[in-house]
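In: what would the 3D arrangement of this be:
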Amino acid sequence: MAFDKNLKALRLENKMTQENVAQQVNLARSTIAGYETKNRQPSYEKLSAFCKLFHVSMDDLLEDNAATYSTPNESLNISDDEMDLLERFRRLPDHLKKDMQKYLESLENQSEIKNLQQEP
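Out: Model (predicted):
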């Protein structure tokens, strides 16, 4: 379980301190520090609270997937504009996320059509 690394990476990606996270999930800062250093393991209820806070699935929170949750932007080669879009997307309710994905697909389809029309 890579929860410790994922929690820290999500916290940093969301520009939150351990204290900010602790307040959001009703824990002490030292408990968050313990989770991030593998000294403590959260209950299912706390895992669920972290998922809601960061808008991720339980699998995403627990999986050992360093490529998904690297710490700050430079390791992911994400521009500030891309990071801003990602953060704004994560704050959307699920139904609006689906609408956004449909809109992006529409934009991609329009772009593909334009590219096909420009080919000789």
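In: run the chain-centre distance for the biggest helix by length in the chain.
Out: When the chain is parsed with DSSP state H, its longest helix is helix 94-118. Relative to its chain's centre, helix 94-118 lies at 22 Å (Cα atoms, centre = their mean, to the nearest Å).
In: what is the mean pLDDT for that helix?
Out: The average pLDDT within helix 94-118 is 83.
In: now for it, which elements pack on it?
Out: With contacts defined as 3 or more Cβ pairs under 8 Å, 6 or more residues apart in numbering; DSSP states H and E, helix 94-118 has no packing partner among the helices and strands. (C-beta placed from N, C-alpha, C; glycine too.)
In: what comes up buried for it?
Out: Neighbour counts over helix 94-118 (16 or more other Cβ atoms under 10 Å) mark no residue as buried.
In: relative to Val56, how far out is the closest residue to Phe3 other than its chain neighbours?
Out: With sequence-adjacent residues excluded and distances taken as Cβ to Cβ, 6 or more residues apart in numbering, Phe3 is closest to Leu62, at 5.5 Å. Relative to Val56, Leu62 is positioned 10 Å away (Cβ to Cβ, to the nearest Å).
In: related to what we said a few turns ago, check the residue nearest to Phe3 and give its pLDDT.
Out: For Leu62, the predicted pLDDT is 90.
In: quick one: distance of the helix or strand harbouring Arg88 to the chain centre.
Out: If you go by DSSP states H and E, Arg88 is part of helix 80-91. Centroid displacement of helix 80-91 relative to its chain, using Cα atoms, centre = their mean, is 10 Å.
In: tell me the angle that helix makes with helix 94-118.
Out: On the basis of axes from the mean of the first three to the mean of the last three Cα atoms, to 10 degrees, helix 80-91 is oriented at 140 degrees to helix 94-118.
In: got the CA coordinates for helix 80-91 in CSV?
Out: Output of helix 80-91 as CSV, limited to C-alpha atoms (Å, rounded to 0.1, in the frame of the first residue of the first chain):
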residue,chain,number,x,y,z
ASP,A,80,1.1,26.2,-14.4
ASP,A,81,-1.9,26.5,-16.7
GLU,A,82,-2.4,22.7,-16.9
MET,A,83,-2.1,22.5,-13.1
ASP,A,84,-4.7,25.2,-12.7
LEU,A,85,-7.1,23.3,-14.9
LEU,A,86,-6.4,20.1,-13.1
GLU,A,87,-7.1,21.7,-9.7
ARG,A,88,-10.2,23.3,-10.9
PHE,A,89,-11.4,20.1,-12.5
ARG,A,90,-10.9,18.2,-9.2
ARG,A,91,-13.0,20.7,-7.3
